[in-house]
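Novice: predicted model, plus sequence, below.
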2 protein chains.
Amino acid sequence: MTLADTNSWRGIQTELLRRINEREWLPGGLVPNEADLAQEFGCARATVNRAMRELADAGLLDRRRKAGTRVALHPTSRVILDIPIIRLEVEQRGAEWRYGLVESRVTPAPLALTSRLGLPRGTEMLHVTGLHYADNRPFLHEDRWININLLPMARDADFSQVSANEWLIQHAPYTGGDIGFSAMNADARLAELLDASEGSALFVVDRITWDKDTPVTSVRLSYAPGYRMNTKI
Amino acid sequence: MTLADTNSWRGIQTELLRRINEREWLPGGLVPNEADLAQEFGCARATVNRAMRELADAGLLDRRRKAGTRVALHPTSRVILDIPIIRLEVEQRGAEWRYGLVESRVTPAPLALTSRLGLPRGTEMLHVTGLHYADNRPFLHEDRWININLLPMARDADFSQVSANEWLIQHAPYTGGDIGFSAMNADARLAELLDASEGSALFVVDRITWDKDTPVTSVRLSYAPGYRMNTKI
DNA sequence: CAGATTAATATGTGCAGACATATAAAACAA
DNA sequence: TTGTTTTATATGTCTGCACATATTAATCTG
């Protein structure tokens, strides 16, 4: 071992990582078992377990009881995206955030939506659209449908003062969601709202949020041209 | 406790999740300390610790020594994207994958690239471009630069037989990378290659891979129109 | 030989106890 | 009052041990 050779959980993990990265342990190859590694590193088995478990969670190791631990053959790199509140995302860029409501009304949701949400066709939902600005330039367009049967107080919320994005975070617990990322050409209306030219490529995030099996909200975020979502492996 | 009331760390975790989701513990509010929770659940402190640590990693709890544990105020939802080998991604869609090399040659890298990679300007790199097909329809365009100083064997690889994507996974260890997602309008060349119309919105992934501080490869993947990257929270 | 049973083994999880470490709060000093 | 030192406390981590569980490998049985 070179550095971080403390027999701490982290030290062991970086050493294991090194052996994987430098092909000391070949992809698909069997790795010594926990007990042996614990002896080698002079630590308890639980410590080795913790180091290896995280690597398995990250997809670098495959572990199975009795069969042992192997170096993953196809290390599908796992990317973690932090999706922040839009206001914070803008402010982190050092820009001033502002929100402008475009429209807010209760109306029957389109069939495509109700069917995806598993609601009866024609269900009334609260449709809120608005623009988020960064330094007074359009940053993204938010097109949202809210399940008012689940969230009746949403009827009385003033979305010209608080963005639907933040109102929901404050008031609507959820247990899971589906997210999709795609690219779309701006239609005339979106182009105008985003101050872009028609046909510009927009980065689009679609998201449906659930509270157990009940849909909470469905939103489409269309970012102004040039937006880029960054992260690290 | 209702179900999963075993005093296992999973059972405890779901119970903690419930209290958070149902606002039993308010956002920003202080949570009982590990010792107290351990007593309440009738388990060891280590078990509570494990349950809470994962929730903290997921961003739902904020923990600080001495200060205690609080329910996160801004639960930035954390999304995990699995980025698979392109061949597998195509095959998982039930389509037949095929790769076609467009061009492969050693040439000085453009300034924009060398500066981002921290290489001397004019450094020679291996430039490989190719198309991945799904059922003989263009699926994505891969435009890749490989650091041949780090990977001299890449010179002799036959990228008409193996995609650069897979060759690198086999031969090039890496320790980290930067990824960016964005949307771009197809230029004439890309439109033709992807069998799309000029100006179509393309979903684009840019990725630079590092082995410690040395750049391994930089790639831009431009997906054919209609592509959507999905995941769950 | 084929199928069912049993044993062996590596990981998964749990417990009690100990010490380490960060840090908020209290006590103290200038 | 203000800055510094001390103390108390909650989390972070490690140990050694035990038992659970999945699953392979060996063994038995018809």
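Specialist: Now that the structure is in, tell me what you want to look at. Residues are numbered from 1 along each chain as shown, chains lettered A, B, ... in the order given.

Novice: and the strands in chain A?
Specialist: Per DSSP state E, chain A carries strands over the ranges A:30-31, A:61-64, A:68-71, A:77-83, A:97-108, A:124-134, A:137-146, A:176-185, A:201-211, A:214-223, A:228-232.

Novice: looking at the shortest one now, give me its mean pLDDT.
Specialist: Right, the one you point to is strand A:30-31. If you average the pLDDT over strand A:30-31, you get 94.

Novice: that one close to DNA strand D?
Specialist: No: Strand A:30-31 stays clear of DNA strand D (Cβ under 7 Å from any atom of the strand), getting no nearer than 10.7 Å. For glycine as for every other residue, the C-beta is placed from the backbone atoms N, C-alpha and C.

Novice: which residues of chain A score low on pLDDT?
Specialist: Chain A contains residues with pLDDT under 70 at A:1-6, A:75-76.

Novice: would you map out the domains in it?
Specialist: Taking automatic domain parsing as the reference, chain A has its domains at A:9-71, A:86-223.

Novice: first-to-last residue distance for the first one?
Specialist: When the termini of domain A:9-71 are compared using Cα to Cα, to the nearest Å, they are 19 Å apart.

Novice: tell me the gap between it and the middle of its chain.
Specialist: 28 Å (Cα atoms, centre = their mean, to the nearest Å).

Novice: swap in the longest one?
Specialist: A distance of 15 Å separates the C-alpha centroid of domain A:86-223 from that of its chain, computed with Cα atoms, centre = their mean.

Novice: hmm, back to that, any chance of the strands of chain A in CSV with mean neighbour count and distance to chain B as columns?
Specialist: Formatted as CSV, the strands of chain A follow (neighbours: other Cβ atoms under 10 Å in any protein chain shown; distance: least, Cβ to the nearest Cβ, whole Å):
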stretch, mean neighbour count, distance to chain B
strand A:30-31, 16, 16
strand A:61-64, 16, 14
strand A:68-71, 18, 11
strand A:77-83, 16, 4
strand A:97-108, 14, 14
strand A:124-134, 20, 16
strand A:137-146, 22, 12
strand A:176-185, 19, 4
strand A:201-211, 22, 4
strand A:214-223, 21, 8
strand A:228-232, 13, 4
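
Novice: will you turn those strands into JSON lines that also has distance to B:Asp36?
Specialist: Shown next, in JSON lines, are those (distance: least, Cβ to Cβ, whole Å):
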{"stretch": "strand A:30-31", "distance to B:Asp36": "39"}
{"stretch": "strand A:61-64", "distance to B:Asp36": "33"}
{"stretch": "strand A:68-71", "distance to B:Asp36": "36"}
{"stretch": "strand A:77-83", "distance to B:Asp36": "31"}
{"stretch": "strand A:97-108", "distance to B:Asp36": "39"}
{"stretch": "strand A:124-134", "distance to B:Asp36": "41"}
{"stretch": "strand A:137-146", "distance to B:Asp36": "38"}
{"stretch": "strand A:176-185", "distance to B:Asp36": "29"}
{"stretch": "strand A:201-211", "distance to B:Asp36": "28"}
{"stretch": "strand A:214-223", "distance to B:Asp36": "32"}
{"stretch": "strand A:228-232", "distance to B:Asp36": "37"}
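
Novice: now render the ones you listed as JSON lines, adding distance to DNA strand C.
Specialist: Output for the strands of chain A, formatted as JSON lines (distance: least, Cβ to the nearest atom of the strand, whole Å):
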{"stretch": "strand A:30-31", "distance to DNA strand C": "7"}
{"stretch": "strand A:61-64", "distance to DNA strand C": "4"}
{"stretch": "strand A:68-71", "distance to DNA strand C": "4"}
{"stretch": "strand A:77-83", "distance to DNA strand C": "17"}
{"stretch": "strand A:97-108", "distance to DNA strand C": "28"}
{"stretch": "strand A:124-134", "distance to DNA strand C": "32"}
{"stretch": "strand A:137-146", "distance to DNA strand C": "33"}
{"stretch": "strand A:176-185", "distance to DNA strand C": "20"}
{"stretch": "strand A:201-211", "distance to DNA strand C": "25"}
{"stretch": "strand A:214-223", "distance to DNA strand C": "29"}
{"stretch": "strand A:228-232", "distance to DNA strand C": "23"}
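
Novice: and of those, who's closest to A:Asp158?
Specialist: With respect to A:Asp158, and counting by Cβ to Cβ, the nearest of these is strand A:97-108 at 8.8 Å.

Novice: name the residues that touch that closest one?
Specialist: For strand A:97-108, contacts defined as Cβ atoms under 8 Å, 6 or more residues apart in numbering or on different chains pick out A:86-87, A:90-91, A:122-134, A:136, A:139, A:148, A:155, A:159-160, A:162-163, A:193.

Novice: now for A:Asp57, how many residues are close by?
Specialist: Here the number of neighbours of A:Asp57 (other Cβ atoms under 10 Å in any protein chain shown) works out to 13.

Novice: again, but for A:Ala44
Specialist: A:Ala44 has 12 neighbours, counted by other Cβ under 10 Å.

Novice: what sits against it?
Specialist: Taking Cβ under 8 Å, 6+ apart as the criterion, A:Ala44 is in contact with A:Ala38.

Novice: from A:Leu55, how far off is it?
Specialist: Here A:Ala44 is placed at a distance of 18 Å from A:Leu55 (Cβ to Cβ, to the nearest Å).

Novice: repeat for A:Ala109
Specialist: Taken as Cβ to Cβ, the span from A:Ala109 to A:Leu55 is 44 Å.
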